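Chemist: Build the 3D model from these lines:
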Amino acid sequence: MKKLENRYDHEKLLSVFHNTNIRSDQVHVSSPTGNEYLYPSGDLMKQGLNQNDFTVVNEEFVGTYAEEVYNDLNERYDICRGRFMTMSPNNRAYSYHYDISKRLHIPLTTDENCMFIVDDELYKAPELGALYELDATKKHTALNLGSNTRTHFVVCLKATSTIDQYMKRL
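Modeler: Residues are numbered from 1 along each chain as shown. Prediction:
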């Protein structure tokens, strides 16, 4: 996990998230069609989906700061599948798993009790609005061990490895 140079206004992103009527642990900013906001967490490939197809900003976010950030990140990094991801005190951890590509995270709410484990190493992303790169192709998880909700704006870098390479790791 490494901190990148870009910074974004976490309060403006959080305001966009709170002003939407869509409530879920994962609210997609982009999708294949531009109007699908909710997908179950877990492996999209098992659902017959390809994250690289999640490149159309959803209608709810068109003209908002979330679209501005998504487009800026896309110009710099060639991204797909943007979403707001929350972990409440009731949803404390994800499984220890691999993903098909790296991820970019912008913390919107976090504290010292929120962390990542990547290949058995502990990392934190404490700076609100900072941009962090997480190599999600390595075995990883996210944890929220505090009493507050953790919210990140997360985008995937387009996958360059083949599905066969990814499936061998599972």
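
Chemist: for the chain, what spans make up the strands?
Modeler: Under the criterion DSSP state E, the chain contains strands at 2-7, 26-28, 30-31, 56-57, 79-87, 103-109, 114-118, 121-123, 130-134, 140-144, 150-157.

Chemist: Mean pLDDT for these - can I get that in CSV?
Modeler: Converted to CSV, the strands of the chain look like this (pLDDT from 0 to 100):
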stretch, mean pLDDT
strand 2-7, 96
strand 26-28, 95
strand 30-31, 96
strand 56-57, 98
strand 79-87, 96
strand 103-109, 98
strand 114-118, 96
strand 121-123, 97
strand 130-134, 97
strand 140-144, 95
strand 150-157, 97
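
Chemist: Gln51 touches Arg103, doesn't it?
Modeler: No - the criterion here is Cβ atoms under 8 Å, and Gln51 misses it with Arg103 at 10.3 Å. Using the backbone N, CA and C atoms, a C-beta is placed for each residue, glycine as well.

Chemist: what is in contact with the two at once?
Modeler: Listed as contacting both Gln51 and Arg103 by Cβ atoms under 8 Å, 6 or more residues apart in numbering are Cys156.

Chemist: tell me the mean pLDDT over stretch 58-76?
Modeler: Across stretch 58-76, pLDDT averages out at 98.

Chemist: starting at the chain centroid, how far to that stretch?
Modeler: Relative to the centre of its chain, stretch 58-76 is centred 14 Å away, using Cα atoms, centre = their mean, to the nearest Å.

Chemist: Give me the longest helix you can find in this structure.
Modeler: When the chain is parsed with DSSP state H, its longest helix is helix 65-77.

Chemist: What is that one packed up against?
Modeler: Using 3 or more Cβ pairs under 8 Å, 6 or more residues apart in numbering; DSSP states H and E as the contact test, the elements touching helix 65-77 are strand 2-7, helix 10-19, strand 56-57, strand 79-87, strand 103-109, strand 150-157.

Chemist: roughly how far apart are Tyr94 and Ala136?
Modeler: As defined by Cβ to Cβ, to the nearest Å, Tyr94 lies at a distance of 11 Å from Ala136.
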